[in-house]
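K.L.:
predicted structure and sequence below. I'll ask about it afterward.
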Amino acid sequence: MISGKFAITLHILTLLSKFPEEFLSSEFIAGSMNINPVLVRKEIANLKKHAMVECREGKYGGTRLARQSESITLEDIFKMTFEEVTLGFSRNDPNPNCPVGKKINQNLDALYKDINSGICNKLQTISLQEFTQEF
């Protein structure tokens, strides 16, 4: 299902891209997003797992990009936050004797694969640096 995870992660990375030499605190990042710093730290942990950021603890600690923003595509970010976008399937097993019920989930699956392919094709053409330049 669709969540705000991509938007949160992209917001974090855009801030880090705007201040490439600085270690930004989760409180600073959370203030920009108007969310709880715990949610920011959760996404930063995922970014660290994917070697996108480096973190430093202590009074002058925080997070900064570990890679150049021009080498990160929005597709990279999308794939870190989602396996794929799905708009959902029926909670109940459809009637296999119904001409629609017996194929609805297969057809939805094909539709979602198509949607994901289109999303990735678009996002792979945009770097984090290009996206950041809009601000």
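P.N.:
Great, that's in hand. Numbers count the residues shown, from 1 in each chain.

K.L.:
alpha carbons only for contacts and neighbour counts from here, please
P.N.:
Fine.

K.L.:
show the subsequent helix or strand relative to the longest helix that the chain contains.
P.N.:
When the chain is scanned for its longest helix (criterion: DSSP state H), the result is helix 104-123. The helix or strand immediately downstream of helix 104-123 is helix 128-132, counting by DSSP states H and E.

K.L.:
now do the buried residues in that following helix.
P.N.:
For helix 128-132, burial by neighbour count (16 or more other CA atoms under 10 Å) applies to 128-132.

K.L.:
what's in contact with stretch 41-61?
P.N.:
Outside stretch 41-61, the residues that touch it by CA atoms under 8 Å, 6 or more residues apart in numbering are 8-9, 23-26, 62-67, 80.

K.L.:
now tell me what touches the longest helix of the chain from outside.
P.N.:
Against helix 104-123 from outside (CA under 8 Å, 6+ apart): 73-75, 78, 84-87, 89-90, 94.

K.L.:
can you select the buried ones among those for me in PyMOL?
P.N.:
Buried residues within these, by 16+ other CA under 10 Å, are selected in PyMOL with:
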select buried, resi 73+74+75+78+84+85+86
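
K.L.:
now, the contacts of helix 104-123 that are in helices?
P.N.:
Among the contacts of helix 104-123, the members found in helices (DSSP H) are 74-75, 78.

K.L.:
okay if I get those residues as CSV plus pLDDT and distance to R41?
P.N.:
As requested, the ones in helices among the contacts of helix 104-123 are exported to CSV (pLDDT from 0 to 100; distance: CA to CA, whole Å):
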residue, pLDDT, distance to R41
L74, 95, 20
E75, 94, 22
F78, 91, 18
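
K.L.:
for this protein, which spans come out with low pLDDT?
P.N.:
Scanning the chain for pLDDT under 70 picks out the ranges 1-3, 83.

K.L.:
with just CA atoms, put stretch 69-81 into CSV.
P.N.:
Below are the C-alpha coordinates for stretch 69-81, written out as CSV (Å, rounded to 0.1, in the frame of the first residue of the first chain):
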residue,chain,number,x,y,z
SER,A,69,23.7,13.7,-4.6
GLU,A,70,24.2,13.5,-8.4
SER,A,71,24.9,9.8,-8.0
ILE,A,72,21.5,9.1,-6.3
THR,A,73,18.4,8.7,-8.4
LEU,A,74,14.9,9.1,-7.1
GLU,A,75,14.4,5.5,-8.3
ASP,A,76,17.2,4.5,-5.8
ILE,A,77,15.2,6.2,-3.0
PHE,A,78,11.9,4.7,-4.2
LYS,A,79,13.4,1.2,-4.1
MET,A,80,14.7,1.7,-0.6
THR,A,81,11.3,2.6,0.6
